[in-house]
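J.: Please find the sequence and the predicted model below.
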Amino acid sequence: MKEYDLVIIGGGPAGLAAAVAARKAGVESILILERDNELGGILNQCIHSGFGLHTFQEELTGPEYAGRFIDQVKQLQIPYKLKTMVLDLAPDKTVTAMNAEDGLFQIHPKAVILAMGCRERPRGALNIPGFRPAGIYTAGTAQRLVNMEGYLPGRNVVILGSGDIGLIMARRMTLEGAKVHVVAELMPYSGGLKRNIVQCLDDFGIPLKLSHTVVDIQGKERVEGVTLARVENGKPVPGTEEHYPCDTLLLSCGLIPENELSRSAGVTINPVTNGPAVNESLETSIPGVFAAGNVLHVHDLVDYVSEEAAAAGVHAARYISQGQSPAGKEIPIRCEGGVRYTVPVSIRPQELETDAVVPLRFRVGNVYQNKRIVVYAGETQIFQRKARVLAPGEMETVNLKASVLQEHGDAPEILVKLEDA
Amino acid sequence: MKKVNLICIGCPLGCPLTVEMEGDQVLSVTGNTCKNGDKYARKEMTNPTRVITSTVRVTGGKLAMVSVKTASDVPKGKIFDCVKALKSVDIPAPVHMGQVIVADIAGTGVPVIATKNVDAC
């Protein structure tokens, strides 16, 4: 098998943007490995519009957004292999993969970019009692069936979880002739964008029941109905049960970065994000292995995936040209006061160009109003911004100036927190 | 006079808006905390529009379906008519992104275009 300097695992939005940026930064020898039969990843089934407002200043559908990057990959003649499954990533960066044409093969690249994306949390991870009949799908599976295969998975639908894919599928199933009876959300707030609640539920009169969950699924061969109940303090409240006859239950209950390969390589995983712990160069605990996109942490907008992946591509290019990872003092980043995690988890200020900017991305653990996002280097406050509203469904970004970080290069840690405004 | 409640989609704040209507006329918008809320409420009450996305069947293609959208926004009340009109459409492969699938969907004067390439098999 031909050898490549850079192997990118995954041909979705992250992999495509990383490949384009790495080539533009001078990497000649790049290979993208994609397990599906086309490039574009999950965007191919996201036929709704709303993508690319930040990147292209226009509202594109998922396939159109993917198309812009696929065109660039083709123009730059970056090679890719489709229907190719990566089976293993070794600590020495040996990539073992297989497909029908090449059989089983190994590549020994100088650098790897992890861009495998994420998966939906399945029923088995949700502790819903009842039989295991047909008719229970994750929202994304239903999305693929409807939008790509042309099948309608059911006619009477209940949706558990108000993540964006669930909301989008409530509208999509309704347009295709199904009756969506209700969307139930365990939390007292929706994890989806406001825009989707209005345009996917309110437009069609679909009720959203907050603080509700599925406590029973009826039916042995096929779903015949589900029982919802109100939830208080994490427990269903007896006497609040409501029965909904239906043939289909869709689950939109969170996304989990897909890191089997990262784990097999021995990459350190951040237990909060379930993605690799990376430094300011998006480099994992293994030098020369980078990560970007939803494999790193679940994003709200694909625009930020592309931006992050492009940065990973540039950093991988630098690693390949220098042959090693720069050694510099690494300052850990800690978060508290409502900030659940940060990406990256550490910064090496001396590694940065003086005019560079380090985007610090994070999510909060609850809905907050009238707060300030504050960043400290040691005891010194180096950043602050007012935030009128913060919600777990929206990713936040704080841009730290390299020059400021370098001034505080001796700080024992960087702290990110929310304070009252 | 009637009152209508809306949620503003302008930003994550999601202000609860109350619109006072007299027939087709907006009398007042309250509950918004910025001017975008007022603008959104007036548009929603007088001329709500949406870009519609859906799929149509492809014959002889590598994929069974191609994704499509209305080339611009159409009146909200026409959503179901548009999707219904697309049900009977079969488009032969190859299909190119931007290709007109239906020249005038459901009498709106707006074309429906493909948002994806589908090669012939």
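T.: Looks like it arrived, so ask away.

J.: and stretch A:261-273, how far apart are its ends?
T.: End-to-end distance of stretch A:261-273 (Cα to Cα, to the nearest Å): 16 Å.

J.: Tell me the buried residues in that stretch?
T.: A:261-262, A:265, A:267, A:269-270, A:272-273 (16 or more other Cβ atoms under 10 Å in any protein chain shown). In short, each C-beta sits where N, CA and C put it, glycine included.

J.: where does residue 3 fall, phi/psi-wise?
T.: All of this is about chain A. Note on A:E3: backbone dihedrals following degrees, to the nearest 10 are phi -90, psi 150.

J.: should've been chain B
T.: Per-residue torsions, B:K3: phi -110, psi 140 (degrees, to the nearest 10).

J.: how close does it get to chain A?
T.: To chain A, B:K3 is 16 Å away according to Cβ to the nearest Cβ, to the nearest Å.

J.: just checking, that residue touches B:V26?
T.: No. Contact between B:K3 and B:V26 fails when scored by Cβ atoms under 8 Å: they sit 11.4 Å apart.

J.: which residues of chain A score low on pLDDT?
T.: Low-confidence segments of chain A (pLDDT under 70): none present.

J.: Up against chain B, what does chain A have?
T.: A:44, A:47-49, A:59-64, A:67, A:146-150, A:175-176, A:193-195, A:197-199, A:202-203, A:388-389, A:391, A:393-394 (Cβ under 8 Å from any Cβ of the partner chain).

J.: Give me the buried subset of those residues.
T.: Buried by 16+ other Cβ under 10 Å: A:44, A:47-49, A:60-64, A:67, A:146-148, A:175-176, A:193-195, A:197-199, A:202-203, A:391, A:393-394, out of the residues of chain A next to chain B.

J.: Now, the residues you listed that are in helices?
T.: A:62-64, A:67, A:175, A:194-195 (DSSP state H).

J.: Check those residues and tell me the two furthest apart.
T.: Based on Cβ to Cβ, the longest span within these runs between A:G67 and A:K194 and measures 27.7 Å.

J.: End to end on stretch A:242-255, go ahead and measure it.
T.: OK, stretch A:242-255 end separation, Cα to Cα: 27 Å.

J.: now it, how far from the chain's geometric center?
T.: Remark: stretch A:242-255 is offset 23 Å from the chain centroid, using Cα atoms, centre = their mean, to the nearest Å.

J.: Could I get the buried residue list for that stretch?
T.: Those buried within stretch A:242-255 under the rule 16+ other Cβ under 10 Å are A:244, A:246-253, A:255.

J.: Tell me the one among the buried residues of stretch A:261-273 nearest to A:G337.
T.: For the buried residues of stretch A:261-273, the nearest to A:G337 is A:V272 (14.8 Å; Cβ to Cβ).

J.: where does that closest one fall, helix, sheet strand or coil?
T.: coil (DSSP: H, G, I helix; E, B strand; the rest coil).

J.: ditto for A:I165
T.: Applying three-state DSSP: A:I165 is helix.

J.: Could you tell me how far stretch B:7-20 lies from the centre of the chain?
T.: Distance, centroid of stretch B:7-20 to centroid of chain: 19 Å (Cα atoms, centre = their mean).

J.: Against A:G161, how distant is A:G234?
T.: In this view, A:G234 and A:G161 are 16 Å apart by Cβ to Cβ, to the nearest Å.

J.: now swap in A:N370 and tell me
T.: Separation of A:N370 from A:G161 (Cβ to Cβ): 28 Å.

J.: Run through the helices of chain B in chain order.
T.: Secondary structure of chain B, counting by DSSP H: helices at B:35-46, B:79-87.

J.: Turn those helices into JSON lines, including distance to chain A.
T.: Below are those laid out as JSON lines (distance: least, Cβ to the nearest Cβ, whole Å):
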{"stretch": "helix B:35-46", "distance to chain A": "9"}
{"stretch": "helix B:79-87", "distance to chain A": "5"}
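
J.: looking at these, which is closest to B:L13?
T.: Of the helices of chain B, nearest to B:L13 by Cβ to Cβ is helix B:35-46, at 8.9 Å.

J.: From the rest of the structure, what touches that closest one?
T.: Contact with helix B:35-46 is made by B:4, B:6, B:8-11, B:15, B:17, B:19, B:21, B:24, B:26, B:29, B:31-32, B:49, as judged by Cβ atoms under 8 Å, 6 or more residues apart in numbering or on different chains.

J.: repeat that for 10 Å
T.: Residues outside helix B:35-46 that contact it (Cβ atoms under 10 Å, 6 or more residues apart in numbering or on different chains): A:198, B:4, B:6-11, B:13-21, B:24-26, B:28-32, B:34, B:48-49, B:76.

J.: Can you lay out the helices of chain B as JSON lines showing distance to A:R230 and mean pLDDT?
T.: As requested, the helices of chain B are arranged in JSON lines below (distance: least, Cβ to Cβ, whole Å; pLDDT from 0 to 100):
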{"stretch": "helix B:35-46", "distance to A:R230": "31", "mean pLDDT": "91"}
{"stretch": "helix B:79-87", "distance to A:R230": "32", "mean pLDDT": "94"}
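
J.: Centre of chain A to the edge, which residue is at the far end?
T.: Farthest-out residue of chain A from its mean C-alpha position, per Cα atoms, centre = their mean: A:G239, at 37.5 Å.

J.: what about that one, distance to A:L282?
T.: 51 Å.

J.: what about B:G98, how many neighbours?
T.: Residue neighbour count, defined by other Cβ atoms under 10 Å in any protein chain shown, stands at 13 for B:G98.

J.: Go ahead and confirm it touches B:V112.
T.: No. Shown here, B:G98 and B:V112 do not form a contact pair, counting by Cβ atoms under 10 Å, at 11.4 Å.

J.: got any residues that touch both of the two?
T.: Joint contacts of B:G98 and B:V112 (Cβ under 10 Å, 6+ apart) are B:A71.

J.: Now A:N294. Its backbone dihedrals?
T.: Dihedral angles for A:N294 - degrees, to the nearest 10 - are phi -70, psi -10.

J.: surely it meets A:E120?
T.: No. The pair A:N294 and A:E120 fails to qualify as a contact (Cβ under 10 Å) at a distance of 11.2 Å.

J.: out of these two, which sits in the busier spot?
T.: The residue with more neighbours, out of A:N294 and A:E120, is A:N294; 26 against 21, by other Cβ under 10 Å.

J.: How about the contacts made by that one?
T.: A:10, A:12-14, A:41-42, A:115-119, A:255-258, A:275, A:302, A:305, A:308.

J.: again, 8 Å this time
T.: A:N294 sits next to A:14, A:117-118, A:255, A:257, A:305 when contact means Cβ under 8 Å, 6+ apart.

J.: which ones among those are found in strands?
T.: Among the contacts of A:N294, the members found in strands (DSSP state E) are A:118, A:255, A:257.

J.: and the residues you listed as TSV, adding distance to B:A106?
T.: Formatted as TSV, the ones in strands among the contacts of A:N294 follow (distance: Cβ to Cβ, whole Å):
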residue	distance to B:A106
A:C118	37
A:L255	36
A:P257	42
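
J.: Thank you, goodbye.
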